[in-house]
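> fold the following.
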Amino acid sequence: MASKITAPRGTQDVVPPESARWQALEARIRALATSYAYGEIRTPTFESTDLFVRGVGETTDIVEKEMYTFEDKGGRSITLRPEWTAPVVRAALEHNLFEFNSQRLFYIGPIYRYERPQKGRLRQAHQFGVECVGFKGPEADVEVMALAWTLVRSYGIGDAVLNVNSIGDDACRPRYRDALLAHFRPHAAELSEESQARLERNPLRVLDSKHERDAALVASAPTFESILCEPCREHFDAVKGYLDALAIPYVVNARIVRGLDYYTRTVFEITSSVLGAQSTVCGGGRYDGLVKSLGGPDLPAVGFGLGLERFLMMLDALAGTPRPPRSGVQAIALGAQARATLVPVIAELRATLGAPVFAEYDDRKLLAHLKAADRNNARYALILGSDELAAGEVVVRDLEARTDAKAPLGPGKDLAVLFVEGTLRG
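Here you go, the predicted model:
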């Protein structure tokens, strides 16, 4: 007997009924993004490796450690998409979406990172995110934060916290880099090996360290807000003012720097204690130089990304894994003649009901059919046997109330009308 082939390590299948939860979350995301006037964009799952080296940054963990990179048959270096922002900008440039400067785009789909799989962190994960391009003012920063905040709070994550910070721009970041080097260099030997490697290349990345050895030095490091240039300070003050105006609570967190090189000025994270140490719900910020660095016009931009697997884990932790509401109809035929009669009824129900219509075509006992209806989470069962055929009617069983009613055995569209009008719906 051949050995069973399983999903690759760090990936997972999404099967019914779990897939219904994903569909519901994605539907809410699409409705929310549409209400903010964001249009959906879909990009290939693999891109030229150079896109991520130029866009994300050579010294980032993604480029140095986590990318799935290979050479294709044409000798080109190809990488499975490890993040969405650079591909979205690439696609927008390729299709001239920035002809009129501004774009509001959202995406839902997989990313790929080679890292140690753990709960909520997979090698193939899925993200929702938005990119708001062409607006340099703080209003865009707050619009993006408000969209993320609305989604998170709509699911009742009551302890969610919006953390905001500013990491300056090309004018003031060099001063901060010098201040960090002056702070960390005298204690370099005390840092973790990873932070020692990052220190000279990109000292901001040391602030992002999770190593215990680095905690004390990171906590005492100078804050970016203390050396912001005047334009960056004004921008950050305006962001906080708009958040106050929208009554969105926030905390200024000087340790948020984000892990990608393209960020500038505003950065933010939404966190929750629902999963303990795995506290980040989503994160993002402003990346004013990325469009230009990828060969486009000098356009400002801001966005965020939210991991769907982790978000669903948070919802499970809050309320357990709820059984989705029953929906649709299980058509049950007891015998060949009943089956022949019910097949066209099933077809008409599927065309007119607007809800799932399940059917089993094997000869089974009624109990086996009803067990299948429960597995399918059907709301009703239509039962047709020899007695019902003789009477010209069908039994309608309410699978929630466990009660039976009878309806005339007419065309499927007539039965569908009864469901739609509420005669048979609970």
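> wait, is G158 part of a helix?
No - counting by DSSP: H, G, I helix; E, B strand; the rest coil, one finds G158 to be coil, located in no helix.
> count of neighbours near it?
9 (other Cβ atoms under 10 Å). Every residue, glycine included, has its C-beta placed from N, CA and C.
> and if you look at T341?
Neighbours of T341 under the rule other Cβ under 10 Å: 16.
> swap in R121?
Neighbours of R121 under the rule other Cβ under 10 Å: 15.
> not counting sequence-adjacent ones, nearest residue to it?
The spatially closest residue to R121, leaving aside those adjacent along the chain, is E115, at 6.8 Å (Cβ to Cβ, 6 or more residues apart in numbering).
> give me the residue ranges of the stretch 301-426 of the chain where confidence is low.
Within the stretch 301-426 of the chain, the ranges that satisfy pLDDT under 70 run 320-322, 411-426.
> which of the three states applies to the residue nearest to R121?
Per three-state DSSP, the secondary structure class of E115 is coil.
> I108 too?
For I108, the secondary structure call by three-state DSSP comes out as strand.
> does the residue nearest to R121 touch E64 like I think?
No - taking contacts as Cβ atoms under 8 Å, E115 lies outside contact range of E64: 11.8 Å.
> re the thing from before, contacting residues for the residue nearest to R121?
The contact partners of E115, taken as Cβ atoms under 8 Å, 6 or more residues apart in numbering, are G10, K65, E66, R121, R123.
> check contacts around the last one.
Read that as R123. P8, R9, G10, T11, Y112, R113, Y114, E115, P117.
> for V15, see how far away it is.
When Cβ to Cβ, to the nearest Å is the yardstick, R123 and V15 sit 19 Å from each other.
> show me where pLDDT drops low in this structure?
57-62, 119-120, 258-261, 277-278, 320-322, 411-426.
> what helices or strands is the one helix or strand H235 maps to leaning on?
In this structure, H235 is located in helix 230-245 according to DSSP states H and E. Under the contact definition 3 or more Cβ pairs under 8 Å, 6 or more residues apart in numbering; DSSP states H and E, helix 230-245 sits against helix 138-154, strand 161-166, strand 264-271.
> deepest-packed of the ones you listed, please.
Across those, averaging neighbours per residue (mean count of other Cβ atoms under 10 Å) puts strand 264-271 on top, at a mean of 24.
> picking up where we left off before, between the contacts of R123, which is nearest L312?
Proximity of the contacts of R123 to L312 was ranked by Cβ to Cβ; the top entry is T11 with 15.7 Å.
> show me what the closest residue to that closest one other than its chain neighbours bridges to in the sheet.
With Cβ to Cβ, 6+ apart as the measure, Q124 is the residue that lies nearest to T11, at 4.5 Å, once sequence neighbours are left out. Beta-bridge pairing of Q124 under DSSP bridges involves Y112.
> now do the helices in the stretch 251-400 of the chain.
Per DSSP state H, counting those that start in this stretch, the stretch 251-400 of the chain carries helices over the ranges 290-293, 308-319, 336-352, 366-375, 386-391.
> of the ones you listed, which is nearest S272?
With Cβ to Cβ, the closest approach to S272 among these belongs to helix 308-319: 6.3 Å.
> other SSEs contacting the closest one?
Under the contact criterion of 3+ Cβ pairs under 8 Å, 6+ apart, helix 308-319 touches helix 18-35, strand 124-133, strand 280-286.
> so how far is that helix off the chain centroid?
11 Å (Cα atoms, centre = their mean, to the nearest Å).
> quick one, that helix and helix 138-154 angle?
Compare the direction of helix 308-319 with that of helix 138-154 by axes from the mean of the first three to the mean of the last three Cα atoms, to 10 degrees and you get 50 degrees.
> buried stuff in helix 308-319?
Buried residues in helix 308-319, defined by neighbour count with 16 or more other Cβ atoms under 10 Å: L308, E309, R310, F311, L312, M313, M314, L315.
> sort out which one of the residues you listed lies nearest T403 for me.
The nearest one, if we look at the buried residues of helix 308-319 relative to T403 and count by Cβ to Cβ, is L315, at 32.3 Å.
> any idea how far that closest one is from R21?
For L315, the distance to R21 equals 8 Å [Cβ to Cβ].
> equivalent analysis for V63, please.
33 Å.
> report the buried residues of the helix holding H235.
Along helix 230-245, these residues count as buried under the neighbour rule (16+ other Cβ under 10 Å): C232, H235, F236, A238, V239, K240, Y242, L243.
> as a markdown table, these with distance to P297 would be great.
A markdown table is the format used below for the buried residues of helix 230-245 (distance: Cβ to Cβ, whole Å):
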| residue | distance to P297 |
| --- | --- |
| C232 | 22 |
| H235 | 20 |
| F236 | 25 |
| A238 | 24 |
| V239 | 24 |
| K240 | 29 |
| Y242 | 26 |
| L243 | 29 |
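> farthest-separated two in those residues?
Taking Cβ to Cβ, the two most distant members of those are C232 and L243; they sit 16.8 Å apart.
> you'd agree A405 is up against E393?
No - applying Cβ under 8 Å, one finds A405 not in contact with E393, separated by 10.0 Å.
> what's the domain layout of the protein?
Listed domain ranges for the chain are 18-172+228-319, 329-420 (source: automatic domain parsing).
> what sits against the nearest residue to G283 once chain neighbours are set aside?
Here the nearest residue to G283 in space, its sequence neighbours aside, is E269; by Cβ to Cβ, 6+ apart that works out to 4.2 Å. Applying Cβ under 8 Å, 6+ apart to E269 gives the contacts L162, N163, N253, I256, R258, T280, V281, C282, G283.
> what distance do you get for E269 to E94?
For E269 relative to E94 (Cβ to Cβ), the value is 31 Å.
> ok, back up a step: nearest to H187 among the domains of the chain would be which one?
Set against H187 and scored by Cβ to Cβ, the domains of the chain come closest in domain 18-172+228-319, at 17.2 Å.
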